[in-house]
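Participant: Have a look; sequence and predicted model below, questions after that.
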Amino acid sequence: MAGEKGNAYLLAGGTDLLVRMRGEFIDPDLVVDIKRLPGIQEIRKTASRFSIGAGVPCAVLGRNKALVRDWPGVVEAAQLIGSDQIQGRCTIAGNLCNASPAADSVPALLAARAKAVVVGPGGRRQVAVEKIVTGPGTTSLGKGDIVTAIVLPKRPSKSGDAYLRFIPRTEMDIAVCSAGVSLTLGPRNVVKQARVALGAVAPTVVLVPEAARAIVGTRLEDEALMKLAAACGAACSPIDDKRGTVEFRTEVAGVLARRAAAIAYDRARRKA
Ligand SMILES: Cc1cc2nc3c(=O)[nH]c(=O)nc-3n(C[C@H](O)[C@H](O)[C@H](O)COP(=O)(O)OP(=O)(O)OC[C@H]3O[C@@H](n4cnc5c(N)ncnc54)[C@H](O)[C@@H]3O)c2cc1C
């Protein structure tokens, strides 16, 4: 890929790439299918992390009991992508590298503090997921760089995550706005750590540290949740289009973040 003089594209599930090729939005000189690279279809759990190969279809994530137990929010986000047919092909690495602000798995991955393993002409490195996407359709990946896996860190006990999106239909639609929350509880179920990320409200998925700060040190009392929602609203700079106005997206992002935080909190508490 690095040696190709024209446009080189990597093909994972192809559920974005083939649509763009068929629509004649892109005309690649080279397409490289990664699905048969050794290890690319594996989910590996070690003492310190989960590593999800870049070729693992989203449908497979939900069958991995250990992954569902530790990262239910990441799995539910990945499994909202498309339909059964799309699920059989699409990947979370492809969802990330396609760089849509509305990508469903990305807020959950940011909230989870996920890293992308990037291999390319410069060697191998781990990059925080929030550093991969630089704008709508653009990434920080260099020529010949490929993401080989998405890594999720070891889960402390009493942790939970959740992802919610708003769409006008029940499925097969692009998020009008979305929220991913991951948190860890300390003694007496007080939130010790939290990460909050929003989708479809800015040119990239955004982390909202202020929203996380609003719930750390609390048991998610109403006041803390209202502060979290306000911080989310303040972090929104969405577009106005036929799918949702600026006002609607800003309001609903806060509502979704509140609800996702409550679900993540319940999941964490049940692990106690
Ligand atoms: C009918 C339909 C419904 C959809 N519904 C949703 C939805 O609800 N939510 C949602 O978020 N998306 C949706 N999508 C978009 C798409 O399915 C997802 O973005 C999917 O996760 C893309 O993964 P993929 O493996 O198919 O990527 P591909 O199409 O293979 O690749 C996407 C882009 O990323 C690059 N790429 C892929 N893998 C890597 C890698 N490992 N390293 C570097 N670059 C890479 C490719 O070169 C390409 O530019 C839908 C698409 C369709 C056709």
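Facilitator: Happy to help now that I have it.

Participant: I'd like the distance between P136 and A200.
Facilitator: Between P136 and A200 the computed distance is 11 Å (C-beta to C-beta, to the nearest Å). Backbone N, C-alpha and C define where each C-beta goes, glycine included.

Participant: Off-centre distance for stretch 263-272?
Facilitator: 20 Å (C-alpha atoms, centre = their mean, to the nearest Å).

Participant: Could you do stretch 126-136 as well?
Facilitator: The answer for stretch 126-136 is 11 Å, by C-alpha atoms, centre = their mean.

Participant: try stretch 31-45
Facilitator: For stretch 31-45, the separation from the chain centroid amounts to 19 Å (computed by C-alpha atoms, centre = their mean).

Participant: ditto for stretch 83-93
Facilitator: On C-alpha atoms, centre = their mean, the centre of stretch 83-93 falls 14 Å from the chain's centre.

Participant: Say whether the ligand is contacted by that stretch.
Facilitator: Yes - Stretch 83-93 lies within reach of the ligand by C-beta under 6 Å from any ligand atom, at 86, 89-91, 93.

Participant: any idea of the mean pLDDT in that stretch?
Facilitator: Across stretch 83-93, pLDDT averages out at 97.

Participant: that older thread, give me the subset of the residues of stretch 83-93 next to the ligand lying in helices.
Facilitator: Members of these lying in helices (criterion: DSSP state H): 86, 93.

Participant: May I ask which two of the residues of stretch 83-93 next to the ligand are separated the most?
Facilitator: I86 and A93 (15.0 Å; C-beta to C-beta).

Participant: anything in contact with each of P136 and A200?
Facilitator: With contacts defined as C-beta atoms under 8 Å, 6 or more residues apart in numbering, the residues shared by P136 and A200 are P101.

Participant: For the two, indicate the residue with more neighbours.
Facilitator: Shown here are P136 and A200; by other C-beta atoms under 10 Å, A200 has more neighbours (28 against 13).

Participant: Find the residue at the geometric middle of this structure.
Facilitator: With distances taken as C-alpha atoms, centre = their mean, the residue of the chain nearest its centroid is V106 (1.7 Å).

Participant: Identify the residue nearest it in space, chain neighbours excluded?
Facilitator: In space, and not counting its chain neighbours, V106 is closest to V205: 4.4 Å by C-beta to C-beta, 6 or more residues apart in numbering.

Participant: what's the burial count for the closest residue to the ligand within the stretch 51-200 of the chain?
Facilitator: Closest approach between the stretch 51-200 of the chain and the ligand, counting by C-beta to the nearest ligand atom: G94, at 2.3 Å. G94 has 26 neighbouring residues, counting by other C-beta under 10 Å.

Participant: could you measure it against R195, distance?
Facilitator: G94 is 23 Å from R195, by C-beta to C-beta.

Participant: And the strands in the chain?
Facilitator: 8-11, 30-33, 43-45, 49-53, 115-120, 123-128, 133-135, 138-139, 146-153, 159-166, 177-185, 191-199, 206-207 (DSSP state E).

Participant: picking that back up, looking at I86 and A93, which is more packed in?
Facilitator: Higher neighbour count among I86 and A93: A93, with 28 against 16, using other C-beta under 10 Å.
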